[in-house]
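could you work out the structure for the sequence below:
(chains A and B)
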Amino acid sequence: DAKTTQPTSMDCAEGRAANLPCNHSTISGNEYVYWYRQIHSQGPQYIIHGLKNNETNEMASLIITEDRKSSTLILPHATLRDTAVYYCIVRNPNTGKLIFGQGTTLQVKP
Amino acid sequence: GAGVSQSPSNKVTEKGKDVELRCDPISGHTALYWYRQSLGQGLEFLIYFQGNSAPDKSGLPSDRFSAERTGGSVSTLTIQRTQQEDSAVYLCASSLNPSPTGELFFGEGSRLTVL
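Just a heads-up that it's a prediction; the model follows:
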């Protein structure tokens, strides 16, 4: 299972874009990059996923480098409710299991 | 229900007792996963079910831990002779199939405290 590396914590001003980086240098060609977040005491919430191309949905954008060794999750206009732990995950293509790292604690400040 | 349901939401037990935690996945979801989250830590994978079989049990920490799934639906995680280090939130997730592109939906977890 590929391992991911994320900064332990980040701050972002409310209303500004939050850019959360992730390194996954050992990713295989058929492994997807997933992002989940966990707000205190709740179950993890799906945000977005991608394989090679950049992806965008109503929550966020995912930018994956051409060599696929790193990616960035972008929350375009962070709100206080976006304060959470954000997990970057490389998903096992055979079992579908997600292997979580320690994640990045994002603190959105007013 | 519409989401993954877990019970009990909270369980306090004494060291040495057995506990059972239940997970009701989303109807029709064939893949089911159990995770454990200790205080301040990330999620630790325990076991994966496809239907009623468990092709990946690699995350079970010891032989005191076991899980089963019946009827391709409800799953039970059993911890025998509980220890204090078993205290954690146990999370269940399901997905329509084990495809690498299907979303995993998580329940709210069962918080286990071993005294």
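
in contact with residue 32, which residues are there?
In the absence of a named chain, chain A is used. Neighbour list for A:Tyr32: A:49-51, A:90-91, A:93, B:100-101 [criterion: CB atoms under 8 Å, 6 or more residues apart in numbering or on different chains]. From N, CA and C alone the C-beta is placed, and that goes for glycine too.

right idea, wrong chain: chain B
With CB under 8 Å, 6+ apart, B:Leu32 has these contacts: B:23, B:25, B:48-49, B:69, B:75, B:92-94.

and with 10 Å instead?
Contacts for B:Leu32 were tallied using CB atoms under 10 Å, 6 or more residues apart in numbering or on different chains; they are B:4, B:23-26, B:47-52, B:54, B:67, B:69, B:72-75, B:92-95, B:98, B:104.

ditto for B:Arg81
Residues near B:Arg81 by CB under 10 Å, 6+ apart: B:15-18, B:62, B:64.

and those residues, which is closest to chain A?
Comparing the contacts of B:Arg81 against chain A with CB to the nearest CB places B:Ser62 closest, at 19.6 Å.

and that closest one, backbone torsions?
In terms of degrees, to the nearest 10, the main-chain angles of B:Ser62 are phi -160, psi 170.

picking up where we left off before, what would the contacts of A:Tyr32 look like in CSV with neighbour count?
Output for the contacts of A:Tyr32, formatted as CSV (neighbours: other CB atoms under 10 Å in any protein chain shown):
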residue, neighbour count
A:His49, 19
A:Gly50, 19
A:Leu51, 15
A:Val90, 24
A:Arg91, 24
A:Pro93, 15
B:Pro100, 18
B:Thr101, 14
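
as a markdown table, those with distance to A:Thr4 would be great.
As requested, the contacts of A:Tyr32 are exported to a markdown table (distance: CB to CB, whole Å):
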| residue | distance to A:Thr4 |
| --- | --- |
| A:His49 | 13 |
| A:Gly50 | 14 |
| A:Leu51 | 15 |
| A:Val90 | 6 |
| A:Arg91 | 11 |
| A:Pro93 | 16 |
| B:Pro100 | 15 |
| B:Thr101 | 18 |
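
closest to A:Arg81 out of those residues?
A:His49 (21.5 Å; CB to CB).

tell me if I'm right that the closest one and A:Thr56 touch.
No - using CB atoms under 10 Å, A:His49 makes no contact with A:Thr56, being 11.9 Å away.

shared neighbours of these two, which are they?
Shared contacts of A:His49 and A:Thr56 (CB under 10 Å, 6+ apart): A:Leu62.

B:Cys23 - how many residues pack around it?
By other CB atoms under 10 Å in any protein chain shown, 27 other residues sit near B:Cys23.
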